[in-house]
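# Predicted model follows, preceded by the sequence.
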Amino acid sequence: MLFENAPFIPEEIYNEYLALNELANTLFWGIIARIKEYEAECVEINKIITEDEIGMSEDFQNRLNDVNKKVRKYLETLTIIAD
């Protein structure tokens, strides 16, 4: 949905969501690669995720909350015109 709505999203907010999308993909594919290493074994996810990924995940959550606040502020500035 991000790309389809790009023309309607302020550039700063779009770029922040795009960076979050890239971070999420990095986290996801890194974890998937390690899961494949343990394919034959049943391993708890906590043993697969690294400290760096936990930090990246926390950073992701904080940045997502920040950009969502910016979206809410932006939406407050819009005027709805009804017939």
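All right, it came through fine.
# Next, work out how far apart the residue nearest the centre of the chain and R72 are.
When Cα atoms, centre = their mean is applied to the chain, the residue found nearest the centroid is L20 (3.9 Å). According to Cβ to Cβ, to the nearest Å, L20 and R72 sit 16 Å apart. Every residue, glycine included, has its C-beta placed from N, CA and C.
# Could you do V43 as well?
With Cβ to Cβ as the criterion, V43 and R72 are 40 Å apart.
# the more surrounded of those two?
Remark: of V43 and R72, V43 carries more neighbours, 13 against 9, as counted by other Cβ atoms under 10 Å.
# need the contact list for the more buried one.
Each residue near V43 by Cβ atoms under 8 Å, 6 or more residues apart in numbering is listed here: I35.
# for it, phi and psi?
phi -120, psi 140 (degrees, to the nearest 10).
# And for I80?
Taking degrees, to the nearest 10 as the convention, I80 sits at phi -100, psi 130.
# begin at 266 from here
New numbering, starting at 266: the last item is I345.
# burial count for it?
4.
# got the buried residues for stretch 272-290?
I274, Y279, E281, Y282, L285, L288 (16 or more other Cβ atoms under 10 Å).
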